[in-house]
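Participant: 3D model of this:
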Amino acid sequence: MLLAEMLFFLLLILVAAEVFVNALEHLGEKLKISEGVTGSLFAAVGTALPETIVPLLAIFAGTQNQQLNKEIGVGAILGAPLMLSTLSLFLMAAFAWKKRGAQGHFNPEHGGLTRDLNFFLFAFGLSGMALFIPHEMPEVRTTFAFVMVLIYFVYILVTLRASAQLVKDGHGTEAESPMFLARLGLPTNWPTILLQLGAGLLLLVLGAKGFIHGIEQAAPLLGISALILSLLIVPIATELPEKVNSILWIRRHKDTLAFGNITGAMVFQGTLLPAIGILLTPWNPQREVLAGVVITLLAALWLRILLTRGQLRVWHLAVNGGLYVTHLLIVLV
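Facilitator: Numbering: from 1, shown residues only. Alright, predicted model coming up:
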């Protein structure tokens with residue numbers, strides 16, 4: 001019964017994300033912005049909402065057990081960028097392997113991908129440093145949190161500024177399919193786009209809330225802590241929208257959208273959510289947490305090094321998959 005309940009809420013999350021992202025594509029087309037902005041900002045934020053909402057609801061409106069809420073919050077906050085930088089990139093490469101081969105090239109727009117990774121490495125590096133700041137120094141922890149929020153707003157401005165030139169260069173956003181509400185006979189305009197966005201967000205909140213309570217019940221049954229369960233299971237489940245969207249885009253050779261969807265979500269979840277974690281959760285260097293931070297930074301740094309070398313081949317992302325397996329061994333053994 002518990003498994004059926006969690007599967008139901010997971011399905012609700014996936015449907016809600018699809019509804020939300022579908023509306024976002026039409027919003028990007030209507031605003032005449034680039035694929036980079038749509039991927040790194042709109043699609044990334046939209047598909048990151050499930051795993052974003054889980055820790056927020058856990059911290060602010062979770063169960064009666066505050067310690068459990070904080071463990072779920074920390075695990076989900078750190079687990080999201082970990083999965084994105086390792087497992088998500090590996091799965092995307094695995095689905096490109098058949099058509100492109102192990103030596104095949106990925107060709108995302110390098111400027112935008114480099115920007116995403118630079119912002120992420122800097123911000124998430126700060127969140128790792130914050131693990132070692134004592135709670136008796138609240139002013140320092142607050143400063144770190146404020147800087148990380150500021151980093152994301154600077155990232156938005158820089159990304160939007162680059163959009164105009166990219167559109168001129170032929171990288172404008174084009175919606176792949178009609179909006180869902182349009183299939184019901186409604187026109188595709190601002191009111192219907194916003195209505196579908198709102199409906200998707202509401203369903204995401206409901207699905208995430210149900211999933212939290214499922215984790216609360218599943219953790220003692222499996223004999224593991226809520227921290228480990230949320231660090232491993234929540235991101236895998238709730239990041240399915242990113243994986244599915246990026247896989248679809250990579251199969252259509254839309255590499256900029258595919259990578260931007262993942263790296264943009266990494267920036268979003270490597271700045272705003274750790275800032276909340278620093279302020280409202282224990283946020284200390286437990287073995288599982290510290291291992292997750294280090295491996296996430298190594299995975300992002302590996303991708304950044306590949307871009308510097310000017311070549312990004314399909315097999316290169318097998319390293320990211322290996323880093324995910326390494327984290328599993330550290331946490332579970």
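Participant: spatially central residue for the protein, please.
Facilitator: The centroid of the chain falls nearest to residue 265 when counting by Cα atoms, centre = their mean (3.8 Å).
Participant: residue contacts, residue 142?
Facilitator: residue 279 (Cβ atoms under 8 Å, 6 or more residues apart in numbering). Heads up, the C-betas are built off the backbone N, CA and C, glycines and all.
Participant: re the thing from before, hang on, isn't the residue nearest to the centre of the chain packed against residue 48?
Facilitator: Yes: at 4.1 Å, residue 265 counts as touching residue 48 under the criterion of Cβ atoms under 8 Å.
Participant: list the buried residues of the lengthiest helix in the chain.
Facilitator: The residue-count maximum for a helix in the chain (DSSP state H) belongs to helix 190-222. Across helix 190-222, burial judged by 16 or more other Cβ atoms under 10 Å covers 192-193, 196-197, 199-201, 203-205, 207-216, 218-219.
Participant: before we move on, the earlier item: remind me what the helix or strand hosting the residue nearest to the centre of the chain packs against, helices and strands.
Facilitator: Using DSSP states H and E, residue 265 falls within helix 255-280. Helices and strands touching helix 255-280, by 3 or more Cβ pairs under 8 Å, 6 or more residues apart in numbering; DSSP states H and E, are helix 35-37, helix 44-61, helix 66-83, helix 89-100, helix 110-130, helix 138-161, helix 240-251.
Participant: repeat that with 10 Å
Facilitator: If contacts are counted by 3 or more Cβ pairs under 10 Å, 6 or more residues apart in numbering; DSSP states H and E, helix 255-280 sits against helix 35-37, helix 44-61, helix 66-83, helix 89-100, helix 110-130, helix 138-161, helix 240-251, helix 287-309.
Participant: can you redo those helices as a markdown table with distance to residue 2 and mean pLDDT?
Facilitator: Below are the helices and strands packed on helix 255-280 laid out as a markdown table (distance: least, Cβ to Cβ, whole Å; pLDDT from 0 to 100):
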| stretch | distance to residue 2 | mean pLDDT |
| --- | --- | --- |
| helix 35-37 | 41 | 67 |
| helix 44-61 | 17 | 70 |
| helix 66-83 | 16 | 77 |
| helix 89-100 | 27 | 90 |
| helix 110-130 | 32 | 94 |
| helix 138-161 | 35 | 92 |
| helix 240-251 | 20 | 74 |
| helix 287-309 | 24 | 93 |
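Participant: can I get these in a markdown table including distance to residue 281?
Facilitator: Output for those, formatted as a markdown table (distance: least, Cβ to Cβ, whole Å):
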| stretch | distance to residue 281 |
| --- | --- |
| helix 35-37 | 31 |
| helix 44-61 | 7 |
| helix 66-83 | 5 |
| helix 89-100 | 27 |
| helix 110-130 | 11 |
| helix 138-161 | 11 |
| helix 240-251 | 24 |
| helix 287-309 | 10 |
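Participant: out of those, nearest to residue 18?
Facilitator: Minimum separation from residue 18 across the helices and strands packed on helix 255-280 (Cβ to Cβ) falls at helix 240-251, 7.0 Å.
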